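Q: Quick one, structure for this:
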Amino acid sequence: MRRAAAAVALFVGLTAVAACGPDDPAPGSAAGPSAAGPSGGAAAPPATASGTAPASGAAPTKNTAPRPDGTITVAFAGDVHFEGRTQARLSVQAPEPALGPISRTLADADLSVLNLETAITGRGAPEPKTYTFRTSPKALSVLKDSGVDVVSMANNHAVDFGADGLTDTLAAKDSSPIPVVGVGHNAKEAYAPYVTTVRGVKVAVVAASQVEDLTNQKWRSGANKPGIASALDVPALLAAVQAAKQQAPVVLVYLHWGEEGKACPTGPQTAIAKKLAAAGATAVVGTHAHTMVGSGMLGGTYIGYGFGNFLWYGTSNYANSNETGVTTLTLTADGKVTGEAFAPATIDDKGIPQPVTGSAAEAALKRRDGLRGCAGLTPPPAAR
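A: Numbering: from 1, shown residues only. From the prediction side, this is the model:
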């Protein structure tokens, strides 16, 4: 069990983190999915999203020198909120990062990506849905300081506070210290990849939501309409990935997808995964189920059907919703997956993902790998 040993070694001496999974409303707010069918298609995209200058923060400077073997590492984590019990994480004092000790795993990777599942606003009326989430622009700064490099906001809570909230969210994106993908002033921007060079390797990150809810129906971006990138508009998403592939050999697709509480992928998930793999995606990963879902290889493409909750505001009735962690892939310069490592964690009563070690880590790895059975994926190569 080489990965278990690696995870145990990686987390010796670490203890506190940020994440948790729920569907219970937080005091004074709410969040969760609504069911609604998709609306008309968005204009196909292919511009490049540009990152903004980094703000000052505690995150360590990453090594940008190419490795002798030309590989890079990319870390992925799940859903993050700064509300309810996790709202105080916006104000933690340095050197403690908002995401706790597991921030080190994100920072140690050459590139790290997760999902911020909330509107960024103090205005607007809540949308007519069971749960709505909001936070302040500071969330983007504290994520940067926790080692996060790219944030997806293509999800069913990015527009929880209507047009005013979306205006503020886009303003926060425009001034963000880290790149935000999956939402934009129009479809061209929402679907646009963030393209960067990591240790000499060109990488593109694309994000979209496949959740059939009010957000995807009402706030899907269009040619002249702000909103989220929708994976329900399959031609637009495939066009975005194909355009990204022309700009970078490594293409990472972060989706909001799956069914809440379900530890096996849905038909729509497996269908879009196959199409994105055929379009050239190096990895297709995502969240939404509030529980972990299987991951592995689909041919040469890495698929992560569900990374679960990460920094979470409340509790959940779904089985194993406190299980979480960070998945790190090793990739070659031409986009091949040569290794996968998983650093397991569990969400504590403050909503923070705490690294687990020893026999607990081995058990977490065994359960996680067992989820691959219903996902139709093959085991990925273990990180060396």
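
Q: Can you classify the residue nearest to F307 when sequence neighbours are not counted as helix, strand or coil?
A: Nearest residue to F307, sequence neighbours excluded (Cβ to Cβ, 6 or more residues apart in numbering): G78, at 3.8 Å. The way it works is simple: take the backbone N, C-alpha and C, and place the C-beta from them, glycine included. Per DSSP: H, G, I helix; E, B strand; the rest coil, the secondary structure class of G78 is strand.

Q: Could you do V326 as well?
A: From three-state DSSP, the assignment for V326 is strand.

Q: in the sheet, who's paired with it?
A: V326 forms beta bridges with A343, as assigned by DSSP bridges.

Q: Could you do V337 as well?
A: Under the criterion used (DSSP bridges), V337 bridges to L331.

Q: The one 10 residues further on too?
A: With DSSP bridges as the criterion, I347 is bridged to P353.

Q: wait, it sits on W312?
A: Yes. Under the criterion of Cβ atoms under 8 Å, I347 makes contact with W312 at 6.0 Å.

Q: neighbour-wise, which of the two wins?
A: W312 (32 against 28; other Cβ atoms under 10 Å).

Q: Could you check how far that one is from E189?
A: To E189, W312 is 28 Å away according to Cβ to Cβ, to the nearest Å.

Q: Distance-wise, check the residue lying farthest from the centre of the chain relative to R199.
A: When each C-alpha in the chain is compared with the mean C-alpha position (Cα atoms, centre = their mean), P68 comes out farthest, at 28.9 Å. Counting by Cβ to Cβ, the gap from P68 to R199 is 11 Å.

Q: residue ranges for the strands of the stretch 51-200 of the chain, please.
A: 72-80, 111-116, 119-120, 134-135, 150-152, 180-181, 183-184, 194-198 (DSSP state E, counting those that start in this stretch).

Q: between the longest one and strand 111-116, how many degrees?
A: Between the axis of strand 72-80 and that of strand 111-116 there is an angle of 10 degrees, by axes from the mean of the first three to the mean of the last three Cα atoms, to 10 degrees.

Q: Could you tell me how far stretch 334-346 lies from the centre of the chain?
A: Stretch 334-346 sits 14 Å away from the centroid of its parent chain (Cα atoms, centre = their mean, to the nearest Å).

Q: which stretches of the stretch 201-350 of the chain have low pLDDT?
A: Nowhere does the stretch 201-350 of the chain drop to pLDDT under 70.

Q: Break down it into its strands, ranges please.
A: Counting by DSSP E, counting those that start in this stretch, the strands of the stretch 201-350 of the chain are 201-209, 227-228, 250-256, 283-287, 292-298, 301-307, 309-311, 323-331, 337-347.

Q: Tell me which of these sits most buried.
A: strand 309-311 (a mean of 32; mean count of other Cβ atoms under 10 Å).

Q: I'd like to know how many residues surround L111.
A: Neighbours around L111, by other Cβ under 10 Å: 24.

Q: That one and R368: what is the separation?
A: Distance from L111 to R368, by Cβ to Cβ: 22 Å.

Q: Quick check: beta-bridge partners of the spatially most central residue of the chain?
A: By Cα atoms, centre = their mean, the mean C-alpha position of the chain lies nearest to L114, the distance being 2.8 Å. Beta bridges link L114 to V151 when assigned by DSSP bridges.

Q: How about the one 5 residues further on?
A: The residues paired with A119 through beta bridges, assigned by DSSP bridges, are R134.

Q: got the contact list for it?
A: 132-135, 157-161, 165-166, 168-169 (Cβ atoms under 8 Å, 6 or more residues apart in numbering).

Q: In a markdown table, list the residues you listed along with distance to A273, neighbour count and pLDDT.
A: Conversion of the contacts of A119 to a markdown table gives the following (distance: Cβ to Cβ, whole Å; neighbours: other Cβ atoms under 10 Å; pLDDT from 0 to 100):
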| residue | distance to A273 | neighbour count | pLDDT |
| --- | --- | --- | --- |
| T132 | 29 | 25 | 97 |
| F133 | 27 | 27 | 97 |
| R134 | 31 | 25 | 98 |
| T135 | 30 | 26 | 98 |
| H157 | 23 | 30 | 98 |
| A158 | 22 | 31 | 98 |
| V159 | 25 | 27 | 98 |
| D160 | 27 | 29 | 98 |
| F161 | 31 | 25 | 98 |
| G165 | 31 | 25 | 98 |
| L166 | 29 | 23 | 98 |
| D168 | 33 | 20 | 98 |
| T169 | 28 | 27 | 98 |
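
Q: Okay, and which of these map to helices?
A: G165, L166, D168, T169 (DSSP state H).

Q: Was I right to think the third one contacts T121?
A: Yes. D168 sits in contact with T121 when judged by Cβ under 8 Å, with a separation of 3.7 Å.

Q: circling back to that earlier point, may I see the contacts of A119 organised as CSV, with distance to P177 added?
A: Output for the contacts of A119, formatted as CSV (distance: Cβ to Cβ, whole Å):
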residue, distance to P177
T132, 25
F133, 21
R134, 19
T135, 15
H157, 21
A158, 18
V159, 22
D160, 23
F161, 22
G165, 21
L166, 20
D168, 17
T169, 15
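
Q: Relative to T215, which of these is nearest.
A: V159 (5.4 Å; Cβ to Cβ).

Q: phi, psi of that closest one?
A: phi -130, psi 50 (degrees, to the nearest 10).

Q: gap between the residue lying closest to it once chain neighbours are set aside and I272?
A: In space, and not counting its chain neighbours, V159 is closest to W219: 4.0 Å by Cβ to Cβ, 6+ apart. Counting by Cβ to Cβ, the gap from W219 to I272 is 20 Å.
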